[in-house]
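Q: let's see this in three dimensions:
(one chain, ligands or ions: 1)
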Amino acid sequence: MTIYDIFNGDADGICALHQLRLAQPANSVLVTGVKRDISLLAQVQAEVGDQITVLDIAMNKNREALLSALDRGAQVQYFDHHIPGDIPAHPQLTTFIDTSPDICTSLLINNYLDGQFLIWAVVGAFGDNMHESAINASKTLQLTSTQLDTLRELGECINYNAYGESLQDLYFHPAELYQAMHHYRDPFTFIHEEPVFETLKNGYLEDMALAKKIKPEVESTAGAIYFLPDAPWSRRISGVFGNLLATAFPLKAHAILTKRADGGFVVSVRAPLASKTGADKVCEQFETGGGRKGAAGINCMPENQFDRFNQIFNTTFSHNAEHNR
Ligand SMILES: [Mn+2]
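A: As a prediction, the model looks like this:
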């Protein structure tokens, strides 16, 4: 019997698993990758009696592998906040799926564990750019504003670590980062005793300084679209840069288009924080697109699709802007 922990390599995925394994320790096989690498369930050859926990990866991108694992006799627990598509009814499958824009997987796990490791759910929620949810969830912890700022930075740094086209772009393999974190119940001790946070913070500041020099390619009432070059730093910073812009201009939508080596773009779309809707609608109109209402992406958009993208982006979010008035 094997226990598999399959989790998104971002802060939400890591903080979800961290809470779960603090409460229910297990010698598990870790399956994870860069943030965009979400077809993870297919990497597992499940057998009868195996226990699989899936965290923070969309069911609709893993359905076939999920059904095959269930067919082979594995037990699957599925925690997620991405649009799942049809959820199969199967006696071996338990799901905890909530697509509300203010819920992330770390918060779902926190509910499941009755708040036992709430502080790590706060880190995960900050990592998913859900500042309000993080602050609301943190109320019972009675943290100082400095402590809360530190947790926000930690969440952002762990989230930042997950962005890249391949593991080579990352400072730490997400499984390695999880293992480093896993010795600590207290995030402040983790920050103090492990060099991880310092490394990520410095990397983040360097990459962000480069991103901030870039001017938007298109600006409209709907929002702004930025182009980033084909380089490891831009692949690492694109998502967090999008979050930063979203927070700085909450009435505007943002798109970050990072050049790919093959000539197309990796696209990150952030809906205006004021409405948190439309990002998935924009990205779903492209073959490799998907995501959540507030934040979505396209893995590979051919260059010749830019005009179409620009049009859809502007139509979707100008419409939103009307509604917000
Ligand atoms: Mn998440």
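Q: pull the number of nearby residues for the closest residue to the ion within the chain.
A: Evaluated by C-beta to the ion, the chain has Asp12 as its residue closest to the ion, separated by 3.4 Å. Any C-beta I mention is one placed from the backbone N, CA and C, and that applies to glycine too. Applying other C-beta atoms under 10 Å, we find 34 residues neighbouring Asp12.
Q: ok so it is a helix residue?
A: Yes - according to DSSP: H, G, I helix; E, B strand; the rest coil, Asp12 belongs to a helix.
Q: quick check, pLDDT for Asn299.
A: Per-residue pLDDT puts Asn299 at 89.
Q: re earlier: my guess is the residue of the chain closest to the ion meets Cys104, correct?
A: Yes - here Asp12 reaches Cys104: they are 4.8 Å apart, a contact under C-beta atoms under 8 Å.
Q: keeping just the C-alphas, turn the helix or strand that contains Arg235 into PDB.
A: With the criterion set as DSSP states H and E, the secondary-structure element containing Arg235 is helix 232-248. Coordinates of each C-alpha in helix 232-248 appear next as PDB, following Å, rounded to 0.1, in the frame of the first residue of the first chain:
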ATOM      1  CA  PRO A 232      14.100  32.600 -16.500                       C
ATOM      2  CA  TRP A 233      13.500  35.700 -14.400                       C
ATOM      3  CA  SER A 234      10.400  36.700 -16.300                       C
ATOM      4  CA  ARG A 235       9.000  33.200 -16.200                       C
ATOM      5  CA  ARG A 236       9.500  33.300 -12.400                       C
ATOM      6  CA  ILE A 237       8.000  36.700 -11.800                       C
ATOM      7  CA  SER A 238       5.100  36.800 -14.300                       C
ATOM      8  CA  GLY A 239       2.400  35.500 -11.900                       C
ATOM      9  CA  VAL A 240       3.500  37.500  -8.900                       C
ATOM     10  CA  PHE A 241       3.900  40.600 -11.100                       C
ATOM     11  CA  GLY A 242       0.300  40.100 -12.200                       C
ATOM     12  CA  ASN A 243      -0.800  39.800  -8.600                       C
ATOM     13  CA  LEU A 244       1.100  43.000  -7.700                       C
ATOM     14  CA  LEU A 245      -0.600  44.900 -10.500                       C
ATOM     15  CA  ALA A 246      -4.000  43.500  -9.600                       C
ATOM     16  CA  THR A 247      -3.500  44.700  -6.000                       C
ATOM     17  CA  ALA A 248      -2.200  48.100  -7.000                       C
END
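Q: following element in sequence after that helix, please.
A: Next along the chain from helix 232-248, counting by DSSP H and E, comes strand 253-259.
Q: tell me what angle that next one forms with helix 232-248.
A: In terms of direction (axes from the mean of the first three to the mean of the last three C-alpha atoms, to 10 degrees), strand 253-259 departs from helix 232-248 by 180 degrees.
Q: for strand 253-259, buried residues please.
A: For strand 253-259, the neighbour count (16 or more other C-beta atoms under 10 Å) marks 253-259 as buried.
Q: how about TSV for these, with distance to the ion and pLDDT added?
A: Formatted as TSV, the entries for the buried residues of strand 253-259 read as follows, by distance: C-beta to the ion, whole Å; pLDDT from 0 to 100:
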residue	distance to the ion	pLDDT
Ala253	20	97
His254	18	97
Ala255	20	97
Ile256	18	96
Leu257	22	97
Thr258	20	95
Lys259	26	95
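Q: what's the closest of those to Leu170?
A: Nearest to Leu170 among the buried residues of strand 253-259, counting by C-beta to C-beta, is Thr258 at 15.0 Å.
Q: residue contacts, that closest one?
A: If you count contacts by C-beta atoms under 8 Å, 6 or more residues apart in numbering, Thr258 has them with 227-230, 234-235, 238, 265-268.
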